[in-house]
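> here's a sequence, model it:
(chains A and B)
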Amino acid sequence: MLTFTIRRLILSVPTLLFISLVIFLLLQLAPGDPMAQVPLTVPPEVKEKMREALGLGAPLHVQYWKWMVQFFWIEPQVLMDHWFGTTFAEGKQRVISWQTRSPVMDIVVQRIPQTLWVVGLSYIVGILIALPIGIYSAYKQYSVFDQSGTFITMIGFSIPPFFTGPLLIVVFSVQLGWLPSIYDTTHVVTDWASFKVQFMQMVMPVMVLALQTTAQISRYMRSSMLDNLGQDYVRTARAKGLREGVVVMQHVLRNSMIPVITVIALGVPSIFGGAIITENVFKVNGIGQLLLTALFANDIPMVMTLTFIFAILIVLFNLIADVLYGVLDPRIRYD
Amino acid sequence: MTDQTQDMPASGATDPYAALQDKEPPKAPRSQWKDVWDQFKRHKGALFGGGFLVFITLAVILGPYVWQVDPQKLDIRNKDMRPIYVALWNGDAKVGWFRPLGTDNLGRDILANLIAGGRASMAVGWAAMVLALLIGTSIGVVAGYFKKADFWLMRFTDLVLSLPILPLLLVAVTLFREPLRANFGPEGGMFILIVGVVGLTSWMQTARIVRGDILALKEREFILAARSIGTTSGKIIRRHLLPNVISPIMVSATLGLATAIITESALSFLGVGFPSDFPTWGKLLADAVQRMEQYPERVVLPGILISLTVLGVNYLGDGLRDALDPRIRGR
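All right, here's what the predicted structure looks like:
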């Protein structure tokens, strides 16, 4: 297993390099000009100087190499400095945002907690709702509960978050006035009352994202349980007189969780992608919203870095899913 | 055998082989597609889903001929009208039968806009789905059939699968909007761009499924037979392999249609879709979000249309999957 993990880790390096190259070339091919916003009164030679200062004059491979050095070599050093108080990265050129003229990673680090709170919590909530639904609807296949569960998950699949979001806002913020429609990220939890405010403002974005997760995972859970419920070992377990709860919750559930856990791991990156829309609806200033504003402002270093972070997440969780699959199921042997 | 004849002395007494003879002429053989249709009919959700998809497609195609209001026509005097049903609970509301679903803040008719938006959304959905199917099927077939291409094509598919799709879509659409607009006009350029990026980023699942099926089919005897009488590779693929993988392709076509419609709407919602005077369902929804407190119907109507269409397509795919799977069919 360890060799497999190491091999996969090594293999993910060319994958990530390829992805970074694709993103880089895409951004280079794009016709947007970061100097477009500079006033026309600025003389052309000054503009050319500004362009060079941004590193735009250099040939493509030099630009790509410099970005790689900055992202893979200097930024980790900055992180080390931050953690251990060393001075590796002092005076070195970091990836600078064209919008704010500050290091991209600093802004990303400021924005990530909001995204993680909303996205992470919604994923956990979604899974916690999905698992019991999946288990019970498989156990009572074709019952009313199963049928309506299937219908609701179909709806969860089909209603896009940019519709559920405004819909929930109309119902709960406008008509009923129970929940705030905008997520206030400056809110600090100090006591019980402020915790309640934080809770109230998180309900809607979390539920919108959780609906998607629930729909997907409960379907996987159901079909995985159905696969196992018909197996011989289940009949054996029942025949030797085990209680139904033990048969279902221990024998069947444990075996059914194997594929579901990999699906859960694989779904993490896509929920980050979905968060772009949800963050936009509820005005959460996470990394999804950061990506959007950077795109509209033609801030190429920021877009490049953020897209690449999404790519790292995907590759990482694919790897985690593969390794988990091997660890959980002794029948799977990669070597 | 002897037990059976003893059980049935009446028929067995005269002719010992009577039970083995066919009394009536055998029924005409059933075609595969009739079986598929019979199974499909039993899936109520799929029937409704397919029916709704046909209905909505016809509605957006024929709608402009029935409801002949120009969706772009500004009618400032009649702006901000409510749908006719609002009159049921609010007698003072500004409603009128000549604008059954109301008008927007510039007085444009919402019903006409929904029809026009549906045309755009469905056109993008179908075109992107067809593009994704073409790419996915050809890559899947080539990878499955030609051993040399398999490794590299599948590595390439894996690489594309690990690209962050939504961010890349956003990047591509924002950055390539201007040149395509300049070349093909604002609507045509955007259509090509969105269909292109959605199609180019959603073919991977189809390719994987098709490749798997082709790999299994390739080893079967009928392919060997075809090859032994000298059929060329191209002919084998067209005559023998493609008809056999049509069912997974159809299932992924429905999924692709749903994804394409949702992706287009999401892009429009995020403000990188079609220009603002060119309605699509996602665009209508996004434009209405600003004032949804006063006019919730402007958000709800396009949202419901998107959701119902996607729901119908998903159910259709579900039913197709069951109907086209010979292991499930007939149970």
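
> could you give me the average pLDDT of the one helix or strand residue A:18 maps to?
For residue A:18, the element it lies in under DSSP states H and E is helix A:2-29. On average, the pLDDT along helix A:2-29 is 83.

> how far does the helix or strand just after it sit from the chain's center?
Next helix or strand after helix A:2-29 toward the C-terminus (DSSP H and E): helix A:44-53. Offset of helix A:44-53 from its chain centre (C-alpha atoms, centre = their mean, to the nearest Å): 38 Å.

> C-terminal to helix A:44-53, what's the next element?
helix A:60-69.

> quick one: whichever helix or strand comes after that next one to helix A:60-69, angle?
Using DSSP H and E, the next helix or strand after helix A:60-69 towards the C-terminus is helix A:75-84. Taking axes from the mean of the first three to the mean of the last three C-alpha atoms, to 10 degrees, one finds helix A:75-84 and helix A:60-69 inclined to each other by 20 degrees.

> check which residues of helix A:75-84 are buried.
Buried residues in helix A:75-84, counted by 16 or more other C-beta atoms under 10 Å in any protein chain shown: A:75, A:77, A:78. For the C-beta atoms, the positions are set from N, CA and C on the backbone; glycine is no exception.

> which one among these gets closest to chain B?
Relative to chain B, the closest of the buried residues of helix A:75-84 is residue A:75; by C-beta to the nearest C-beta it sits at 18.7 Å.

> give the contact list for that closest one.
Applying C-beta atoms under 8 Å, 6 or more residues apart in numbering or on different chains to residue A:75 gives the contacts A:94, A:95, A:105.

> if we use 6 Å, what do you get?
Residues in contact with residue A:75 (C-beta atoms under 6 Å, 6 or more residues apart in numbering or on different chains) are residue A:105.

> that one and residue A:301, how far apart?
Separation of residue A:75 from residue A:301 (C-beta to C-beta, to the nearest Å): 12 Å.

> tell me the SS of the closest residue to residue A:103 other than its chain neighbours?
Among residues not flanking residue A:103 along the chain, residue A:94 sits closest, at 4.3 Å (C-beta to C-beta, 6 or more residues apart in numbering or on different chains). In terms of secondary structure, residue A:94 is coil; the call rests on DSSP: H, G, I helix; E, B strand; the rest coil.

> quick check: residue A:94 touching residue A:101?
No: with contact defined as C-beta atoms under 6 Å, residue A:94 does not count as touching residue A:101 (11.4 Å).

> of those two, which one has the most company?
Taking neighbours as other C-beta atoms under 10 Å in any protein chain shown, residue A:94 and residue A:101 compare with residue A:94 leading, 18 against 7.

> quick check on that one: phi, psi?
In terms of degrees, to the nearest 10, the main-chain angles of residue A:94 are phi -100, psi 170.

> how near is it to chain B?
Residue A:94 sits 21 Å away from chain B, going by C-beta to the nearest C-beta, to the nearest Å.

> so for the longest helix along chain A, mean pLDDT?
As assigned by DSSP state H, the longest helix anywhere in chain A is helix A:192-229. Mean per-residue pLDDT for helix A:192-229: 83.

> close to chain B: what parts of the stretch 101-250 of chain A are there?
The stretch 101-250 of chain A comes close to chain B at residues A:154, A:157, A:158, A:159, A:160, A:162, A:163, A:166, A:170, A:174, as judged by C-beta under 6 Å from any C-beta of the partner chain.

> among the residues you listed, name the buried ones.
For those, buried by 16+ other C-beta under 10 Å: A:154, A:157, A:158, A:159, A:160, A:162, A:163, A:166, A:170.

> where does the residue nearest to the fourth one when sequence neighbours are not counted sit, in terms of helix or strand?
Using C-beta to C-beta, 6+ apart and skipping residues adjacent in sequence, the residue nearest residue A:159 is residue B:307, 4.4 Å away. Under the criterion DSSP H and E, the helix or strand holding residue B:307 is helix B:296-324.

> hmm, back to that, distance from the chain centre to the longest helix of chain A, please.
Here helix A:192-229 is found 15 Å from its chain centre; the criterion is C-alpha atoms, centre = their mean.

> ok, stretch A:224-243 next?
Centroid separation for stretch A:224-243 versus its chain: 36 Å, with C-alpha atoms, centre = their mean.

> and that stretch, what's buried?
Judged by neighbour count (16+ other C-beta under 10 Å), stretch A:224-243 contains these buried residues: A:224, A:225, A:226, A:228, A:229, A:234, A:237.

> adding distance to residue B:211, write these out as JSON lines.
Listed next are these as JSON lines, based on distance: C-beta to C-beta, whole Å:
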{"residue": "A:224", "distance to residue B:211": "24"}
{"residue": "A:225", "distance to residue B:211": "29"}
{"residue": "A:226", "distance to residue B:211": "27"}
{"residue": "A:228", "distance to residue B:211": "28"}
{"residue": "A:229", "distance to residue B:211": "31"}
{"residue": "A:234", "distance to residue B:211": "34"}
{"residue": "A:237", "distance to residue B:211": "38"}
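
> which of these lies closest to residue B:311?
Of all the buried residues of stretch A:224-243, the one with the least separation from residue B:311 (C-beta to C-beta) is residue A:226, at 22.8 Å.

> assess the claim that the closest one and residue A:138 are in contact.
Yes: when contacts are counted by C-beta under 6 Å, residue A:226 is listed as touching residue A:138 (4.9 Å).

> list the contacts for residue A:169?
In this structure, residue A:169 makes contact with residue A:181, judged by C-beta under 6 Å, 6+ apart.

> and what about it, helix, strand or coil?
Under three-state DSSP, residue A:169 comes out as helix.

> A helix includes residue B:291, no?
No: applying three-state DSSP, one finds residue B:291 to be coil, outside a helix.

> what helices and strands are in contact with the host helix or strand of residue B:211?
Using DSSP H and E, residue B:211 maps to helix B:204-218. In this structure, helix B:204-218 makes packing contacts with helix B:110-145, helix B:147-161, helix B:246-269, judged by 3 or more C-beta pairs under 6 Å, 6 or more residues apart in numbering or on different chains; DSSP states H and E.

> next secondary structure after that helix?
helix B:221-228.

> using CSV, write out every CA atom in that following helix.
Taking C-alpha atoms only, helix B:221-228 is exported to CSV below (Å, rounded to 0.1, in the frame of the first residue of the first chain):
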residue,chain,number,x,y,z
GLU,B,221,-17.0,-13.9,-31.6
PHE,B,222,-19.0,-11.8,-34.0
ILE,B,223,-16.1,-9.3,-34.2
LEU,B,224,-13.7,-12.1,-34.9
ALA,B,225,-16.1,-13.4,-37.5
ALA,B,226,-16.3,-10.0,-39.1
ARG,B,227,-12.6,-9.6,-39.1
SER,B,228,-12.0,-13.1,-40.5
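
> and stretch A:168-185, how far out from the chain's middle?
Centroid separation between stretch A:168-185 and its chain, computed with C-alpha atoms, centre = their mean, is 24 Å.

> up against chain A, what does the stretch 101-250 of chain B have?
Residues of the stretch 101-250 of chain B found near chain A (C-beta under 6 Å from any C-beta) are B:159, B:162, B:163, B:164, B:166, B:167, B:170, B:174, B:175, B:179.

> and of those residues, the nearest to residue A:14?
Set against residue A:14, the nearest of those by C-beta to C-beta is residue B:159 (8.9 Å).

> for the closest one, give me its contacts.
Residue B:159 neighbours (C-beta under 6 Å, 6+ apart): residue A:18.

> distance check, it against residue B:177.
26 Å.
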